[in-house]
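Student: With the input below, show me the fold.
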Amino acid sequence: MKELDLKKSVYELTEAYPELIAILKEMGFLGVANPIARNTLGRMTTIPKGCEKMGKDLKEVIKTLEEKGFTVKA
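Tutor: Numbering: from 1, shown residues only. Modelled structure (predicted):
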């Protein structure tokens with residue numbers, strides 16, 4: 001089972017689940033597709049922080065992730 005802990009950084013999550021990169025990019029988190037940005041900013045950013053910066057509804061993002069087969073741990 002693929003579990004996403006929202007307290008972990010985007011970098012940690014994408015290292016554990018590389019397929020998450022394409023999913024997040026599809027949702028508008030374009031920086032996640034850039035390896036340099038993911039390696040630097042991604043180490044300091046969580047999905048909730050990213051949603052806040054991008055003006056995205058965290059509940060909608062979680063719903064999409066769950067539809068893609070992830071279990072989200074808040």
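Student: most centrally placed residue in the protein?
Tutor: Most central in the chain under Cα atoms, centre = their mean is Ile47, positioned 4.7 Å from the mean C-alpha point.
Student: could you check the distance from that one over to Leu4?
Tutor: Per Cβ to Cβ, to the nearest Å, Ile47 is found 7 Å from Leu4. Yep, even glycine has a C-beta here, placed from its N, CA and C like the rest.
Student: anything in contact with each of the two?
Tutor: In terms of Cβ atoms under 8 Å, 6 or more residues apart in numbering, Ile47 and Leu4 are both contacted by the residues Leu13.
Student: First-to-last residue distance for stretch 10-21?
Tutor: In terms of Cα to Cα, to the nearest Å, the two terminal residues of stretch 10-21 are separated by 9 Å.
Student: Now do the helices in this structure.
Tutor: Here the chain has its helices, by DSSP state H, at 10-16, 19-26, 35-44, 47-54, 58-67.
Student: Now do the buried residues in the first one.
Tutor: Buried positions in helix 10-16, judged by neighbour count with 16 or more other Cβ atoms under 10 Å: 10-11, 13-14.
Student: can you check stretch 42-58 too?
Tutor: 42, 45-47, 50-51, 56, 58.
Student: how far does it stretch from start to finish?
Tutor: 17 Å.
Student: Work out the gap between it and the centre of the chain.
Tutor: Here stretch 42-58 is found 8 Å from its chain centre; the criterion is Cα atoms, centre = their mean, to the nearest Å.
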